[in-house]
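Undergrad: let me see the structure of the following:
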Amino acid sequence: MRVKLQPKIVIAQLLTIILWASAFPGIRIALTAYSPEHLSLLRLVIGSALLLIIAFFLNIPLPELKDIPVILLLGFLAFAVYHVALNYGERTVSAGVASLLVSTTPIFTALIAFLYSGERLKVQGWMGALIALIGVVFITIGGSSTNFSFTIGIFLVLLAALSESFYFVFQHTYLKKYGFFPFTMYTIWAGTISMLFFTPGLGQEILQAPMEVTLVVIYLGIFPTVIPYFAIAYVTSKNGAAEATSSLYLTPAFSFLIAWIWLGETHTIHAIFGGILTLLGVSISNLKNKAEENDVSWEGHSKKLHNST
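TA: Numbering: from 1, shown residues only. Here you go, the predicted structure:
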């Protein structure tokens, strides 16, 4: 049976992977002139402003008042904590390694769901988690003789993945109620509001930062933060969520490539081997039977959207 190539679908998937992959080296560039918290705030403010314009033209309704506290909490975890922890982590962890560590988000999500609601975690889930953990150990061993700052950076990036995992576990009810795109808008706005605490000093950093670095921040706020969600939504509308998210495991590979071209990043054999193990573990933990793969709901696949970076 011949598989018909759909150019628009391929372009949308490539766009998503490349934009999200580019966020990790982009963060490394931005951190040369911005503090981690100011980078997070400015990026989210830019993304939120664009989403407000989009929401106006799409007539996105406001959430119900009773849901706002939960939306604020989930936005805080998925966008404020995630971005600040990731940015602090990337001060000492390379872009490629950071992208690999963030790819463990689906494993954390499955473990939290198991602990919180007793959601069954299959044998391949435990096996994948163990393999990914071994991969993280190799990444740590491969990082600059395991110096302390690098190790702390790894834990901070893993904290980012963990915080996003809580978001994925507790979002299900609200995804069903509001839909994927409106709910994503609500939580990005909520994350931005919680970051306003860091506003003092941001203006001074903007004035002092080189223009080319600020342009990178603007890029981060518009392209990796907003556009991939439209691309993913387009693919989902055509071919379902399973196909829309199936290629996202390529994100770390593209991140390594972009970081090598853009930043000249190189890695030790230990780190590369650890990265392969980590991706293998994540892939194994997310193996699903055919019936599950045909599930086209965002609830079943949103946890793969690990790079709201």
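
Undergrad: switch to C-alpha atoms for all contacts and neighbour counts from now on
TA: Will do.

Undergrad: what's the first-to-last distance across stretch 22-36?
TA: For stretch 22-36, the first-to-last residue distance is 17 Å (Cα to Cα, to the nearest Å).

Undergrad: pull out the buried positions in that stretch.
TA: Judged by neighbour count (16 or more other Cα atoms under 10 Å), stretch 22-36 contains these buried residues: 22-31, 33-36.

Undergrad: give me the element residue 257 is part of.
TA: Using DSSP states H and E, residue 257 falls within helix 251-263.

Undergrad: that should have said residue 11, apologies.
TA: helix 7-30.

Undergrad: for the helix or strand just after that helix, packing partners?
TA: Moving toward the C-terminus from helix 7-30, the next helix or strand (DSSP H and E) is helix 36-58. Secondary-structure packing of helix 36-58 (3 or more Cα pairs under 8 Å, 6 or more residues apart in numbering; DSSP states H and E): helix 82-89, helix 180-195, helix 211-222.

Undergrad: buried residues in helix 36-58, which are they?
TA: 36-48, 51, 55.

Undergrad: now the angle between helix 180-195 and that helix, please.
TA: Angle, helix 36-58 to helix 180-195, by axes from the mean of the first three to the mean of the last three Cα atoms, to 10 degrees: 140 degrees.

Undergrad: what lies in contact with helix 36-58?
TA: Residues external to helix 36-58 that are found in contact with it (Cα atoms under 8 Å, 6 or more residues apart in numbering): 30-31, 80, 83-84, 87-88, 185, 188-189, 191-192, 195-196, 198-199, 202, 217-218, 220-222, 225-226.

Undergrad: and with 7 Å instead?
TA: Applying Cα atoms under 7 Å, 6 or more residues apart in numbering, the contact partners of helix 36-58 are 83-84, 87-88, 185, 188-189, 192, 195-196, 198, 202, 217-218, 220-222, 225-226.

Undergrad: generate a PyMOL selection restricted to the buried entries among those.
TA: The buried residues among the contacts of helix 36-58 can be selected in PyMOL (16+ other Cα under 10 Å) with this line:
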select buried, resi 83+84+87+88+185+188+189+192+195+196+202+217+218+220+221+222+225+226
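
Undergrad: mind listing residues that contact stretch 202-221?
TA: Outside stretch 202-221, the residues within contact range by Cα under 7 Å, 6+ apart are 23, 26, 29-30, 33-34, 38, 43-44, 46-47.

Undergrad: try 10 Å this time
TA: 19-20, 22-24, 26-27, 29-35, 37-50, 222-223, 225-227, 309 (Cα atoms under 10 Å, 6 or more residues apart in numbering).

Undergrad: thinking again about what came up before, got TSV for the buried residues of stretch 22-36, with distance to residue 265 and pLDDT too?
TA: Below are the buried residues of stretch 22-36 laid out as TSV (distance: Cα to Cα, whole Å; pLDDT from 0 to 100):
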residue	distance to residue 265	pLDDT
22	13	97
23	15	96
24	12	96
25	9	97
26	13	98
27	14	98
28	11	97
29	12	98
30	16	98
31	16	98
33	19	98
34	20	98
35	21	98
36	20	98
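
Undergrad: of these, which is the nearest to residue 171?
TA: Distances from residue 171 to these, taken as Cα to Cα, are shortest for residue 23 (23.8 Å).

Undergrad: if we can go back for a sec, can you name every helix or strand that the helix holding residue 257 contacts?
TA: For helix 251-263, the contact count by 3 or more Cα pairs under 10 Å, 6 or more residues apart in numbering; DSSP states H and E identifies helix 7-30, helix 95-102, helix 269-285 as packing neighbours.

Undergrad: many thanks, I have nothing further to ask.
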